[in-house]
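Novice: give me the fold of what follows.
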Amino acid sequence: MVYDSLFIDGQWTRSRGNEVTEVIDPATGGVTGAVPAGTVEDLAAATAAARAAFDRGPWPRMSPRERSTILYRFADVLQSWRDTVAPAIMRESGALPSLIDGVHFGIGLARFRHAADLALRGLDEVTPVRLGPGGVAGATAVIREPVGVVGAITPFNFPLYLNLAKLGPALAAGNSVVLKPSPLTPLEGLVLGAAAAQAGMPPGVLNVVTGGREAGEALVDDPRVDMISFTGSDQTGRYVMGVAARSLKRVVLELGGKSALIVRHDAAPVEAAATAFASFTLHAGQGCVLLTRHVVHRSVAGEFVAALAELAARAVVGDPATPGTTMGPLISAQQRERVVRYVDGSLGDGGRIVTGGTVPDGPGFFYPPTVIEGLPSTARAVQEEIFGPVAVVLPFDSDDEAVDIANDTRYGLSGAIISRDAGAAWQMARRLRTGAVRVNGGGTALDLDAPSAGWGHSGIGAEHGLPGLLEFTRPKSIAFRAG
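Specialist: Model (predicted):
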(Lines give C-alpha, C1' and ligand atoms only; values in the text may rest on other atoms or scores of the structure.)
Protein backbone atom coordinates (compact mmCIF):
# COMPACT_ATOMS: atom_id res chain seq x y z
CA MET A 1 0.00 0.00 0.00
CA VAL A 2 2.19 2.78 -1.38
CA TYR A 3 0.45 5.63 -3.19
CA ASP A 4 2.15 8.56 -4.90
CA SER A 5 -1.00 9.71 -6.72
CA LEU A 6 -4.66 10.46 -6.15
CA PHE A 7 -7.56 8.50 -7.62
CA ILE A 8 -9.47 10.81 -9.98
CA ASP A 9 -11.75 9.89 -12.88
CA GLY A 10 -10.85 6.21 -12.73
CA GLN A 11 -7.09 6.63 -12.87
CA TRP A 12 -4.15 7.48 -10.68
CA THR A 13 -3.37 11.17 -11.07
CA ARG A 14 -0.45 13.21 -9.83
CA SER A 15 -1.40 15.95 -7.38
CA ARG A 16 -1.38 19.53 -8.64
CA GLY A 17 0.74 20.40 -5.59
CA ASN A 18 4.17 19.29 -4.48
CA GLU A 19 3.55 18.69 -0.76
CA VAL A 20 3.28 15.29 0.86
CA THR A 21 1.54 14.11 4.01
CA GLU A 22 3.56 11.81 6.22
CA VAL A 23 1.65 8.92 7.74
CA ILE A 24 2.66 8.49 11.38
CA ASP A 25 2.52 5.17 13.21
CA PRO A 26 0.85 6.13 16.52
CA ALA A 27 2.42 3.14 18.28
CA THR A 28 5.97 4.34 17.58
CA GLY A 29 5.68 7.98 16.58
CA GLY A 30 7.71 7.19 13.48
CA VAL A 31 6.88 7.74 9.84
CA THR A 32 5.29 4.68 8.26
CA GLY A 33 4.47 6.13 4.84
CA ALA A 34 3.65 9.22 2.82
CA VAL A 35 0.94 10.27 0.35
CA PRO A 36 0.36 13.36 -1.78
CA ALA A 37 -1.26 16.24 0.07
CA GLY A 38 -4.33 16.92 -2.04
CA THR A 39 -4.99 20.52 -3.04
CA VAL A 40 -8.04 22.61 -3.80
CA GLU A 41 -7.25 22.10 -7.49
CA ASP A 42 -7.20 18.33 -6.99
CA LEU A 43 -10.61 18.48 -5.32
CA ALA A 44 -11.94 20.57 -8.20
CA ALA A 45 -10.72 17.99 -10.72
CA ALA A 46 -12.26 15.15 -8.73
CA THR A 47 -15.55 17.02 -8.42
CA ALA A 48 -15.61 17.70 -12.16
CA ALA A 49 -15.06 14.00 -12.81
CA ALA A 50 -17.82 13.02 -10.40
CA ARG A 51 -20.16 15.58 -11.95
CA ALA A 52 -19.53 14.27 -15.46
CA ALA A 53 -19.92 10.66 -14.30
CA PHE A 54 -23.30 11.46 -12.81
CA ASP A 55 -24.62 13.75 -15.54
CA ARG A 56 -23.41 11.79 -18.56
CA GLY A 57 -22.03 8.46 -17.37
CA PRO A 58 -23.72 5.08 -17.13
CA TRP A 59 -23.72 4.64 -13.33
CA PRO A 60 -27.00 6.38 -12.35
CA ARG A 61 -28.68 4.90 -15.43
CA MET A 62 -27.72 1.31 -14.63
CA SER A 63 -30.29 -0.99 -13.12
CA PRO A 64 -29.90 -1.70 -9.40
CA ARG A 65 -28.75 -5.20 -10.29
CA GLU A 66 -26.01 -3.92 -12.60
CA ARG A 67 -24.72 -1.52 -9.95
CA SER A 68 -24.93 -4.07 -7.17
CA THR A 69 -22.98 -6.61 -9.21
CA ILE A 70 -20.07 -4.16 -9.42
CA LEU A 71 -20.37 -3.28 -5.73
CA TYR A 72 -20.27 -6.95 -4.72
CA ARG A 73 -17.17 -7.36 -6.88
CA PHE A 74 -15.63 -4.30 -5.20
CA ALA A 75 -16.24 -5.85 -1.77
CA ASP A 76 -14.77 -9.18 -2.88
CA VAL A 77 -11.64 -7.44 -4.18
CA LEU A 78 -11.15 -5.59 -0.92
CA GLN A 79 -11.67 -8.75 1.11
CA SER A 80 -9.09 -10.57 -1.02
CA TRP A 81 -6.57 -7.83 -0.15
CA ARG A 82 -7.11 -8.29 3.58
CA ASP A 83 -3.60 -9.56 4.31
CA THR A 84 -2.08 -6.52 2.59
CA VAL A 85 -4.49 -3.91 3.93
CA ALA A 86 -4.64 -5.08 7.57
CA PRO A 87 -1.01 -4.21 8.45
CA ALA A 88 -1.50 -0.76 6.93
CA ILE A 89 -4.61 -0.21 9.06
CA MET A 90 -2.66 -1.22 12.16
CA ARG A 91 0.29 1.06 11.43
CA GLU A 92 -1.84 3.97 10.25
CA SER A 93 -4.61 4.04 12.89
CA GLY A 94 -3.23 1.95 15.76
CA ALA A 95 -6.08 -0.57 15.60
CA LEU A 96 -5.80 -3.96 17.27
CA PRO A 97 -6.07 -7.06 15.04
CA SER A 98 -9.47 -7.83 16.58
CA LEU A 99 -10.79 -4.43 15.47
CA ILE A 100 -9.34 -4.82 12.01
CA ASP A 101 -11.07 -8.16 11.51
CA GLY A 102 -14.25 -7.34 13.41
CA VAL A 103 -15.04 -3.71 12.64
CA HIS A 104 -13.13 -2.68 9.53
CA PHE A 105 -13.45 -5.80 7.40
CA GLY A 106 -16.25 -7.65 9.18
CA ILE A 107 -18.81 -4.92 9.87
CA GLY A 108 -17.55 -2.50 7.23
CA LEU A 109 -17.91 -4.93 4.34
CA ALA A 110 -21.17 -6.28 5.78
CA ARG A 111 -22.69 -2.80 5.74
CA PHE A 112 -21.33 -2.14 2.26
CA ARG A 113 -22.84 -5.34 0.88
CA HIS A 114 -26.11 -4.76 2.73
CA ALA A 115 -26.54 -1.40 0.98
CA ALA A 116 -26.23 -3.21 -2.34
CA ASP A 117 -28.77 -5.78 -1.10
CA LEU A 118 -31.26 -3.05 -0.18
CA ALA A 119 -30.95 -1.37 -3.57
CA LEU A 120 -31.69 -4.71 -5.25
CA ARG A 121 -35.00 -4.95 -3.40
CA GLY A 122 -36.20 -1.77 -5.11
CA LEU A 123 -36.87 1.63 -3.57
CA ASP A 124 -39.76 2.87 -5.74
CA GLU A 125 -43.38 2.73 -4.60
CA VAL A 126 -46.86 3.30 -6.02
CA THR A 127 -49.60 4.88 -3.93
CA PRO A 128 -53.03 3.19 -3.78
CA VAL A 129 -55.30 3.72 -6.77
CA ARG A 130 -57.95 6.35 -6.03
CA LEU A 131 -61.11 7.38 -7.84
CA GLY A 132 -61.47 11.05 -8.74
CA PRO A 133 -64.35 13.09 -10.17
CA GLY A 134 -66.26 11.26 -12.84
CA GLY A 135 -64.94 7.90 -11.66
CA VAL A 136 -61.49 8.44 -13.19
CA ALA A 137 -58.89 6.26 -11.49
CA GLY A 138 -55.31 7.28 -10.85
CA ALA A 139 -52.28 6.81 -8.64
CA THR A 140 -48.84 8.22 -8.04
CA ALA A 141 -45.49 6.54 -8.56
CA VAL A 142 -42.92 7.67 -5.99
CA ILE A 143 -39.53 7.24 -7.62
CA ARG A 144 -36.33 7.30 -5.58
CA GLU A 145 -33.59 8.94 -7.64
CA PRO A 146 -29.95 9.48 -6.65
CA VAL A 147 -29.06 12.89 -5.21
CA GLY A 148 -26.10 13.47 -7.55
CA VAL A 149 -22.52 14.16 -6.51
CA VAL A 150 -21.80 13.24 -2.90
CA GLY A 151 -18.85 14.60 -0.94
CA ALA A 152 -17.88 12.10 1.77
CA ILE A 153 -15.56 13.30 4.55
CA THR A 154 -14.36 10.79 7.11
CA PRO A 155 -12.31 10.91 10.35
CA PHE A 156 -9.30 8.98 11.60
CA ASN A 157 -10.72 6.62 14.20
CA PHE A 158 -12.30 3.82 12.13
CA PRO A 159 -11.35 4.95 8.62
CA LEU A 160 -11.88 1.85 6.49
CA TYR A 161 -15.16 1.04 8.22
CA LEU A 162 -16.49 4.60 7.97
CA ASN A 163 -15.41 4.94 4.34
CA LEU A 164 -17.28 1.76 3.45
CA ALA A 165 -20.34 2.76 5.51
CA LYS A 166 -20.68 5.95 3.43
CA LEU A 167 -19.71 4.58 0.03
CA GLY A 168 -22.07 1.59 0.19
CA PRO A 169 -25.40 3.46 0.27
CA ALA A 170 -24.16 6.44 -1.77
CA LEU A 171 -23.00 4.23 -4.65
CA ALA A 172 -25.86 1.72 -4.41
CA ALA A 173 -28.35 4.56 -4.82
CA GLY A 174 -26.61 5.62 -8.05
CA ASN A 175 -24.61 8.63 -6.90
CA SER A 176 -21.02 9.49 -7.77
CA VAL A 177 -18.69 10.22 -4.85
CA VAL A 178 -15.66 12.30 -3.95
CA LEU A 179 -14.11 10.78 -0.82
CA LYS A 180 -11.80 12.90 1.31
CA PRO A 181 -10.31 10.79 4.09
CA SER A 182 -8.64 12.15 7.19
CA PRO A 183 -5.06 13.36 6.57
CA LEU A 184 -4.07 11.15 9.51
CA THR A 185 -5.34 7.97 7.81
CA PRO A 186 -5.25 8.51 4.03
CA LEU A 187 -4.15 5.00 3.02
CA GLU A 188 -7.49 3.48 3.99
CA GLY A 189 -9.16 5.86 1.56
CA LEU A 190 -6.80 5.49 -1.37
CA VAL A 191 -6.99 1.70 -1.27
CA LEU A 192 -10.68 2.02 -2.14
CA GLY A 193 -9.75 3.76 -5.37
CA ALA A 194 -7.59 0.77 -6.24
CA ALA A 195 -10.48 -1.58 -5.43
CA ALA A 196 -12.86 0.46 -7.60
CA ALA A 197 -10.49 0.19 -10.56
CA GLN A 198 -10.05 -3.54 -10.03
CA ALA A 199 -13.82 -4.07 -9.78
CA GLY A 200 -14.53 -2.25 -13.05
CA MET A 201 -16.38 0.72 -11.59
CA PRO A 202 -16.94 3.34 -14.33
CA PRO A 203 -14.54 6.32 -14.32
CA GLY A 204 -15.52 9.23 -12.09
CA VAL A 205 -17.99 7.27 -9.97
CA LEU A 206 -15.54 7.08 -7.06
CA ASN A 207 -12.76 9.62 -6.61
CA VAL A 208 -10.39 9.71 -3.64
CA VAL A 209 -8.47 12.87 -2.81
CA THR A 210 -6.39 13.44 0.31
CA GLY A 211 -5.89 16.79 2.01
CA GLY A 212 -6.58 18.83 5.10
CA ARG A 213 -9.08 21.46 6.15
CA GLU A 214 -8.64 23.65 3.06
CA ALA A 215 -9.35 20.74 0.72
CA GLY A 216 -12.34 19.69 2.79
CA GLU A 217 -13.83 23.16 2.74
CA ALA A 218 -13.39 23.33 -1.02
CA LEU A 219 -15.36 20.11 -1.38
CA VAL A 220 -18.16 21.30 0.89
CA ASP A 221 -18.37 24.71 -0.82
CA ASP A 222 -18.31 23.50 -4.43
CA PRO A 223 -21.73 24.14 -6.02
CA ARG A 224 -21.26 21.07 -8.23
CA VAL A 225 -21.56 18.89 -5.13
CA ASP A 226 -25.16 18.06 -4.21
CA MET A 227 -24.71 16.44 -0.80
CA ILE A 228 -22.17 16.19 2.00
CA SER A 229 -21.91 13.17 4.29
CA PHE A 230 -19.59 14.10 7.15
CA THR A 231 -18.43 12.25 10.25
CA GLY A 232 -16.46 14.12 12.89
CA SER A 233 -16.76 16.48 15.84
CA ASP A 234 -19.83 18.61 16.43
CA GLN A 235 -17.70 21.76 16.23
CA THR A 236 -16.52 20.87 12.73
CA GLY A 237 -19.99 19.62 11.85
CA ARG A 238 -21.46 23.05 12.56
CA TYR A 239 -18.85 24.61 10.31
CA VAL A 240 -19.53 22.09 7.54
CA MET A 241 -23.24 22.79 7.79
CA GLY A 242 -22.65 26.54 7.52
CA VAL A 243 -20.47 26.22 4.42
CA ALA A 244 -22.89 23.74 2.81
CA ALA A 245 -25.74 26.20 3.40
CA ARG A 246 -24.16 28.63 0.93
CA SER A 247 -25.38 26.39 -1.89
CA LEU A 248 -28.22 24.73 0.04
CA LYS A 249 -26.64 21.30 -0.05
CA ARG A 250 -28.18 18.34 1.66
CA VAL A 251 -26.10 17.29 4.67
CA VAL A 252 -25.92 14.12 6.73
CA LEU A 253 -23.82 14.67 9.84
CA GLU A 254 -22.69 11.92 12.20
CA LEU A 255 -21.02 13.83 15.00
CA GLY A 256 -19.81 13.43 18.56
CA GLY A 257 -21.19 11.57 21.52
CA LYS A 258 -21.05 11.42 25.30
CA SER A 259 -23.04 8.26 25.73
CA ALA A 260 -24.31 7.07 29.10
CA LEU A 261 -24.35 3.57 30.52
CA ILE A 262 -27.03 3.28 33.21
CA VAL A 263 -26.36 0.55 35.78
CA ARG A 264 -29.51 0.00 37.87
CA HIS A 265 -29.59 -1.21 41.48
CA ASP A 266 -30.46 -4.74 40.42
CA ALA A 267 -27.52 -5.13 38.00
CA ALA A 268 -24.49 -7.31 38.73
CA PRO A 269 -21.83 -4.61 39.24
CA VAL A 270 -18.82 -6.71 38.22
CA GLU A 271 -20.46 -7.81 34.98
CA ALA A 272 -21.62 -4.24 34.31
CA ALA A 273 -18.07 -2.99 34.86
CA ALA A 274 -16.80 -5.43 32.26
CA THR A 275 -19.26 -4.01 29.73
CA ALA A 276 -18.31 -0.47 30.66
CA PHE A 277 -14.58 -1.12 30.47
CA ALA A 278 -14.78 -2.85 27.10
CA SER A 279 -16.66 0.12 25.68
CA PHE A 280 -14.69 3.12 26.93
CA THR A 281 -11.32 1.52 26.15
CA LEU A 282 -12.26 0.26 22.67
CA HIS A 283 -9.68 1.66 20.24
CA ALA A 284 -8.26 3.71 23.13
CA GLY A 285 -11.61 5.44 23.59
CA GLN A 286 -11.60 6.94 20.10
CA GLY A 287 -15.21 6.30 19.16
CA CYS A 288 -18.26 8.55 19.19
CA VAL A 289 -20.69 5.81 20.31
CA LEU A 290 -18.58 4.58 23.23
CA LEU A 291 -20.03 4.57 26.74
CA THR A 292 -17.96 7.15 28.61
CA ARG A 293 -20.47 8.32 31.25
CA HIS A 294 -21.18 5.55 33.74
CA VAL A 295 -24.39 6.40 35.58
CA VAL A 296 -24.40 3.88 38.43
CA HIS A 297 -26.87 3.32 41.27
CA ARG A 298 -25.27 4.39 44.52
CA SER A 299 -25.86 1.00 46.14
CA VAL A 300 -23.56 -0.76 43.64
CA ALA A 301 -21.25 2.11 42.68
CA GLY A 302 -18.45 1.03 45.03
CA GLU A 303 -18.26 -2.50 43.63
CA PHE A 304 -18.58 -1.16 40.09
CA VAL A 305 -15.67 1.29 40.47
CA ALA A 306 -13.48 -1.32 42.17
CA ALA A 307 -14.10 -3.75 39.32
CA LEU A 308 -13.25 -1.04 36.76
CA ALA A 309 -9.99 -0.32 38.56
CA GLU A 310 -9.09 -4.01 38.59
CA LEU A 311 -9.75 -4.32 34.87
CA ALA A 312 -7.63 -1.23 34.22
CA ALA A 313 -4.77 -2.73 36.23
CA ARG A 314 -4.85 -5.85 34.04
CA ALA A 315 -4.99 -3.91 30.75
CA VAL A 316 -1.97 -4.31 28.47
CA VAL A 317 -1.45 -0.99 26.69
CA GLY A 318 1.02 -1.16 23.85
CA ASP A 319 1.83 -1.74 20.21
CA PRO A 320 -1.09 -3.50 18.47
CA ALA A 321 1.42 -5.71 16.68
CA THR A 322 2.60 -7.18 19.99
CA PRO A 323 0.69 -10.34 21.01
CA GLY A 324 -1.29 -9.86 24.20
CA THR A 325 -1.88 -6.13 23.76
CA THR A 326 -5.41 -5.23 24.82
CA MET A 327 -5.42 -1.48 24.06
CA GLY A 328 -3.43 0.45 21.50
CA PRO A 329 -2.38 4.10 21.18
CA LEU A 330 -4.18 7.34 20.57
CA ILE A 331 -3.87 8.60 17.02
CA SER A 332 -1.42 11.47 17.64
CA ALA A 333 0.52 13.49 20.17
CA GLN A 334 -2.05 16.26 19.74
CA GLN A 335 -4.90 13.92 20.64
CA ARG A 336 -3.06 12.68 23.71
CA GLU A 337 -2.44 16.25 24.83
CA ARG A 338 -6.18 16.86 24.51
CA VAL A 339 -6.91 13.88 26.77
CA VAL A 340 -4.33 15.06 29.32
CA ARG A 341 -5.94 18.52 29.47
CA TYR A 342 -9.35 17.05 30.23
CA VAL A 343 -8.06 14.68 32.90
CA ASP A 344 -5.91 17.32 34.58
CA GLY A 345 -8.76 19.80 34.39
CA SER A 346 -11.09 17.37 36.13
CA LEU A 347 -8.99 17.66 39.31
CA GLY A 348 -9.78 21.36 39.46
CA ASP A 349 -13.47 20.52 39.09
CA GLY A 350 -13.40 18.29 42.17
CA GLY A 351 -12.80 14.97 40.47
CA ARG A 352 -10.76 12.10 41.86
CA ILE A 353 -8.74 9.88 39.57
CA VAL A 354 -9.42 6.28 40.58
CA THR A 355 -6.96 4.77 38.13
CA GLY A 356 -4.80 5.95 35.23
CA GLY A 357 -4.23 9.62 34.51
CA THR A 358 -0.47 9.46 33.87
CA VAL A 359 1.31 9.52 30.51
CA PRO A 360 3.64 6.50 30.27
CA ASP A 361 7.30 6.82 29.33
CA GLY A 362 8.56 5.74 25.93
CA PRO A 363 7.63 6.27 22.29
CA GLY A 364 4.15 6.18 20.90
CA PHE A 365 0.99 8.05 21.85
CA PHE A 366 -0.23 5.81 24.66
CA TYR A 367 -2.50 6.72 27.55
CA PRO A 368 -3.80 4.36 30.24
CA PRO A 369 -7.47 3.58 30.94
CA THR A 370 -8.58 6.32 33.29
CA VAL A 371 -11.60 6.41 35.62
CA ILE A 372 -12.72 9.61 37.35
CA GLU A 373 -15.36 9.98 40.06
CA GLY A 374 -16.68 12.84 42.18
CA LEU A 375 -17.30 15.27 39.31
CA PRO A 376 -20.35 17.53 39.15
CA SER A 377 -22.55 17.28 36.09
CA THR A 378 -21.28 20.66 34.89
CA ALA A 379 -17.62 19.58 34.65
CA ARG A 380 -16.08 19.65 31.18
CA ALA A 381 -14.97 16.02 31.47
CA VAL A 382 -18.63 15.11 32.03
CA GLN A 383 -20.13 17.31 29.33
CA GLU A 384 -17.60 17.27 26.49
CA GLU A 385 -16.35 14.50 24.23
CA ILE A 386 -12.78 13.63 25.21
CA PHE A 387 -12.07 10.94 22.58
CA GLY A 388 -9.73 8.96 24.78
CA PRO A 389 -9.88 6.06 27.27
CA VAL A 390 -11.48 8.16 30.01
CA ALA A 391 -14.70 7.37 31.87
CA VAL A 392 -16.55 9.35 34.52
CA VAL A 393 -18.69 7.64 37.17
CA LEU A 394 -21.87 9.46 38.22
CA PRO A 395 -23.95 7.95 41.06
CA PHE A 396 -27.76 8.11 41.25
CA ASP A 397 -30.51 7.13 43.70
CA SER A 398 -33.62 6.67 41.53
CA ASP A 399 -34.54 5.78 37.97
CA ASP A 400 -35.83 9.31 37.37
CA GLU A 401 -32.50 10.75 38.49
CA ALA A 402 -30.60 8.32 36.25
CA VAL A 403 -32.62 9.41 33.22
CA ASP A 404 -32.07 13.08 34.09
CA ILE A 405 -28.31 12.55 34.36
CA ALA A 406 -28.16 10.58 31.11
CA ASN A 407 -30.12 13.29 29.29
CA ASP A 408 -28.01 16.11 30.74
CA THR A 409 -25.85 16.46 27.64
CA ARG A 410 -25.99 18.22 24.31
CA TYR A 411 -25.26 14.89 22.60
CA GLY A 412 -27.64 12.04 21.79
CA LEU A 413 -25.89 9.33 19.82
CA SER A 414 -26.05 6.14 21.87
CA GLY A 415 -26.64 4.72 25.32
CA ALA A 416 -27.08 1.53 27.30
CA ILE A 417 -28.92 0.15 30.33
CA ILE A 418 -28.06 -2.88 32.45
CA SER A 419 -30.78 -4.30 34.66
CA ARG A 420 -32.35 -7.60 35.66
CA ASP A 421 -35.76 -5.95 35.19
CA ALA A 422 -36.12 -5.83 31.42
CA GLY A 423 -39.45 -4.02 31.65
CA ALA A 424 -38.06 -1.21 33.77
CA ALA A 425 -35.05 -0.95 31.46
CA TRP A 426 -37.36 -0.73 28.44
CA GLN A 427 -39.30 2.12 30.03
CA MET A 428 -36.09 3.97 30.82
CA ALA A 429 -34.80 3.43 27.26
CA ARG A 430 -37.93 5.10 25.87
CA ARG A 431 -37.16 8.20 27.95
CA LEU A 432 -33.54 8.61 26.88
CA ARG A 433 -32.94 11.37 24.33
CA THR A 434 -30.61 9.45 22.10
CA GLY A 435 -30.69 7.71 18.74
CA ALA A 436 -29.87 4.22 20.00
CA VAL A 437 -30.03 2.29 23.27
CA ARG A 438 -28.72 -1.20 24.04
CA VAL A 439 -30.50 -2.98 26.88
CA ASN A 440 -28.43 -5.69 28.56
CA GLY A 441 -26.04 -5.74 25.62
CA GLY A 442 -28.67 -5.65 22.90
CA GLY A 443 -29.17 -8.39 20.35
CA THR A 444 -26.70 -11.20 19.84
CA ALA A 445 -26.06 -10.38 16.16
CA LEU A 446 -25.30 -7.24 14.18
CA ASP A 447 -28.60 -5.82 12.94
CA LEU A 448 -27.76 -4.33 9.55
CA ASP A 449 -31.32 -3.03 9.14
CA ALA A 450 -31.19 -0.86 12.27
CA PRO A 451 -30.46 2.81 11.53
CA SER A 452 -28.24 5.12 13.55
CA ALA A 453 -29.47 8.67 13.95
CA GLY A 454 -27.89 11.23 16.24
CA TRP A 455 -29.98 13.63 18.28
CA GLY A 456 -28.96 17.14 19.28
CA HIS A 457 -25.27 17.82 18.65
CA SER A 458 -24.74 14.21 17.61
CA GLY A 459 -25.88 14.85 14.09
CA ILE A 460 -28.50 15.24 11.39
CA GLY A 461 -29.97 12.45 9.32
CA ALA A 462 -29.64 8.68 9.54
CA GLU A 463 -26.98 6.15 8.66
CA HIS A 464 -27.24 2.40 8.01
CA GLY A 465 -30.21 0.30 7.01
CA LEU A 466 -32.92 1.51 4.64
CA PRO A 467 -33.18 4.97 6.29
CA GLY A 468 -29.45 5.47 5.71
CA LEU A 469 -29.76 4.45 2.05
CA LEU A 470 -32.74 6.75 1.48
CA GLU A 471 -30.66 9.73 2.67
CA PHE A 472 -28.75 9.42 -0.61
CA THR A 473 -31.94 9.63 -2.74
CA ARG A 474 -34.52 12.21 -3.74
CA PRO A 475 -38.21 11.31 -4.00
CA LYS A 476 -39.97 12.21 -7.23
CA SER A 477 -43.75 11.85 -7.49
CA ILE A 478 -45.18 11.05 -10.92
CA ALA A 479 -48.99 11.08 -10.95
CA PHE A 480 -50.73 9.13 -13.70
CA ARG A 481 -54.27 8.37 -14.82
CA ALA A 482 -55.40 4.81 -15.41
CA GLY A 483 -56.54 4.07 -18.93
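Novice: specify the local secondary structure of A313.
Specialist: helix (DSSP: H, G, I helix; E, B strand; the rest coil).
Novice: tell me how many other residues crowd the residue lying closest to it once chain neighbours are set aside.
Specialist: In space, and not counting its chain neighbours, A313 is closest to T355: 6.9 Å by C-beta to C-beta, 6 or more residues apart in numbering. All C-beta spots, glycine's among them, are computed from the backbone N, C-alpha and C. Using other C-beta atoms under 10 Å, T355 has 19 other residues around it.
Novice: how about the one 5 residues further on?
Specialist: When neighbours are counted by other C-beta under 10 Å, P360 registers 10.
Novice: dump the residue contacts of the residue nearest to it when sequence neighbours are not counted.
Specialist: Closest residue to P360 apart from its sequence neighbours, by C-beta to C-beta, 6+ apart: F366 at 5.4 Å. F366 makes contact with A284, V317, G318, G328, P329, L330, R336, V359, P360, according to C-beta atoms under 8 Å, 6 or more residues apart in numbering.
Novice: what of N157?
Specialist: N157 neighbours (C-beta under 8 Å, 6+ apart): S93, H283, Q286, G287, C288, I331, F387.
Novice: any idea how far the residue nearest to the last one when sequence neighbours are not counted is from L192?
Specialist: This points to F387. Of all residues not flanking F387 in the chain, Q286 sits nearest, at 5.4 Å (C-beta to C-beta, 6+ apart). Q286 is 21 Å from L192, where distance means C-beta to C-beta, to the nearest Å.
Novice: helix or strand for L171, which one?
Specialist: With secondary structure defined by DSSP states H and E, L171 is part of helix 159-172.
Novice: show the pLDDT at V136.
Specialist: At V136, the model reports a pLDDT of 88.
Novice: from what I can see it touches R481, true?
Specialist: Yes - contact criterion C-beta atoms under 8 Å: V136 and R481 qualify, at 6.2 Å.
Novice: pop the domain breakdown of the chain in here.
Specialist: Following automatic domain parsing, one gets these domains for the chain: 6-255+459-481, 259-447.
Novice: off-centre distance for the first one?
Specialist: Yep, that's domain 6-255+459-481 we're talking about. On the basis of C-alpha atoms, centre = their mean, to the nearest Å, domain 6-255+459-481 is displaced by 13 Å from the centre of the chain it belongs to.
Novice: now the shortest one
Specialist: Taking C-alpha atoms, centre = their mean, one finds the center of domain 259-447 at 19 Å from the center of the full chain.
Novice: so how far is T325 from the most centrally placed residue in the chain?
Specialist: In the chain, the residue lying closest to the centroid (C-alpha atoms, centre = their mean) is L162, at 5.0 Å. Per C-beta to C-beta, L162 is found 23 Å from T325.
Novice: equivalent analysis for T434, please.
Specialist: Counting by C-beta to C-beta, the gap from T434 to T325 is 32 Å.
Novice: who's more crowded, those two?
Specialist: T434 (25 against 17).
Novice: quick one: the more buried one and I417 touch, right?
Specialist: No - the criterion here is C-beta under 8 Å, and T434 misses it with I417 at 11.0 Å.
Novice: part of a strand, is R433?
Specialist: No - counting by three-state DSSP, R433 falls outside a strand, being coil.
Novice: tell me how far it lies from L469.
Specialist: 25 Å.
Novice: neighbour count winner among these two?
Specialist: L469 (25 against 15).
Novice: neighbours of E463, how many?
Specialist: Counted with other C-beta under 10 Å, E463 comes out at 24.
Novice: surely it touches P451?
Specialist: Yes - contact criterion C-beta under 8 Å: E463 and P451 qualify, at 6.7 Å.
Novice: partners of the helix or strand bottoming out on mean pLDDT in the chain in the sheet?
Specialist: Ranked by mean pLDDT, DSSP states H and E, the weakest helix or strand in the chain is strand 130-131, scoring a mean of 91. Strands that pair with strand 130-131, judged by DSSP bridges, come out as strand 137-146 (antiparallel).
Novice: specify the angle between the strand it pairs with and helix 159-172 in degrees.
Specialist: 140 degrees (axes from the mean of the first three to the mean of the last three C-alpha atoms, to 10 degrees).
Novice: how close does the nearest residue to G138 once chain neighbours are set aside sit to G135?
Specialist: Closest residue in space to G138, ignoring its immediate chain neighbours: R481 at 4.5 Å, by C-beta to C-beta, 6+ apart. In this view, R481 and G135 are 12 Å apart by C-beta to C-beta.
Novice: again with P323
Specialist: Distance from P323 to G135, by C-beta to C-beta: 77 Å.
Novice: ok, now I153?
Specialist: I153 is 54 Å from G135, by C-beta to C-beta.
Novice: out of these two, which sits in the more crowded spot?
Specialist: Each of I153 and G135 has its neighbours counted (other C-beta under 10 Å); I153 has more, 22 against 6.
Novice: and the more buried one, what does it touch?
Specialist: K180, G216, L219, V220, I228, S229, F230, T231, G232, V240.
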